[in-house]
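**Student:** Got a sequence here, can you model it:
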Amino acid sequence: MSDLLIATRNPGKLREFAQIFADLGMNLRSLDDLGISAEIEETGTTFAANAQLKAEGYMHLSGLPALADDSGLEVAALDGAPGVYSARYGGVTGAAQLAYLLQQLEGVPVEARQARFVCVIALARPGGATEFVEGTLSGEIAPAPRGTGGFGYDPVFYLPEAGKTLAELPPEHNNAISHRAAAARAALAVLQRWHTEGHL
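**Tutor:** Residues are numbered from 1 along each chain as shown. Below is the predicted model:
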């Protein structure tokens, strides 16, 4: 069974990929599994650039095919911010970050609060070209946080069709519709093709 490096230290993220890649017949390894302590800086200005930096960097360090993702929130009324700076937006985290985002949207009417989560996955393999897939989830920014599930911006990311924020949805529903799940399903198709072509 061939190995695939999932370039993360996040066990939750690893589990999510493991579920989607269950039938792939590959041994998924994390950075910690391989004892890789090096951190590759995300200096790109796009999700794709950051995902590529990590996938190619960790591929070179491990010698294995590597998958890396970069994701974040894009708010239309803020010209796509926070974007690649989602994790460090406003220089704060947690509840303070949600408050900062809502402050930026003060006075913006509900019909103009469209937003989307974006996840770009880069797949790098020795001797081959890096490939990219993307998943998105569209919604709106709620006027105030709601719900206790999820993480990050989930309490203010409202899904009109569900009538709830992501933080109010059961985890299995959230995982099924998430931008990362959509990107991972697209990545699965790339990995299956590589397998068929004898690259894995």
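**Student:** Counting by contacts, list what the host helix or strand of Leu137 packs against.
**Tutor:** Assigned by DSSP states H and E, Leu137 belongs to strand 131-141. Using 3 or more CB pairs under 8 Å, 6 or more residues apart in numbering; DSSP states H and E, the elements in contact with strand 131-141 are helix 47-62, strand 114-124, strand 157-159, helix 179-196. Quick note: C-beta positions are derived from backbone N, CA and C, even for glycine.
**Student:** could you say what helices and strands the second one packs with?
**Tutor:** What it means is strand 114-124. Contact here means 3+ CB pairs under 8 Å, 6+ apart; on that basis strand 114-124 packs against helix 47-62, strand 66-75, strand 131-141, helix 179-196.
**Student:** and the angle for the second one with strand 114-124?
**Tutor:** Meaning strand 66-75. 170 degrees (axes from the mean of the first three to the mean of the last three CA atoms, to 10 degrees).
**Student:** mean confidence for strand 66-75?
**Tutor:** The pLDDT scores in strand 66-75 average 96.
**Student:** how much distance is there from that strand to the middle of the chain?
**Tutor:** 4 Å (CA atoms, centre = their mean, to the nearest Å).
**Student:** mind saving the C-alpha coords of the strand holding Leu137 as CSV?
**Tutor:** In CSV, the C-alpha atoms belonging to strand 131-141 read as follows (Å, rounded to 0.1, in the frame of the first residue of the first chain):
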residue,chain,number,x,y,z
GLU,A,131,-2.5,19.8,-9.4
PHE,A,132,-5.2,21.9,-7.7
VAL,A,133,-8.8,21.4,-6.7
GLU,A,134,-11.2,23.8,-5.0
GLY,A,135,-14.3,23.5,-2.8
THR,A,136,-16.6,26.4,-1.8
LEU,A,137,-19.6,26.9,0.5
SER,A,138,-21.7,30.0,0.0
GLY,A,139,-23.7,31.7,2.7
GLU,A,140,-24.1,35.0,4.5
ILE,A,141,-22.6,36.7,7.6
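**Student:** Any stretches of this structure with poor pLDDT?
**Tutor:** Residues of the chain that meet the criterion pLDDT under 70 lie in 1.
**Student:** Pull the contacting residues for Arg146.
**Tutor:** By CB atoms under 8 Å, 6 or more residues apart in numbering, the residues touching Arg146 are Pro155, Val156, Tyr158, Lys164, Thr165, Ala167, Glu168.
**Student:** quick one: it is in a strand?
**Tutor:** No. Judged by DSSP: H, G, I helix; E, B strand; the rest coil, Arg146 forms no part of a strand; its state is coil.
**Student:** Let me know the distance separating it from Ile6.
**Tutor:** 31 Å (CB to CB, to the nearest Å).
**Student:** returning to what we had before: can you tell which of the helices and strands packed on strand 114-124 is closest to Gln97?
**Tutor:** The closest of the helices and strands packed on strand 114-124 to Gln97 is strand 66-75. By CB to CB, the value is 10.4 Å.
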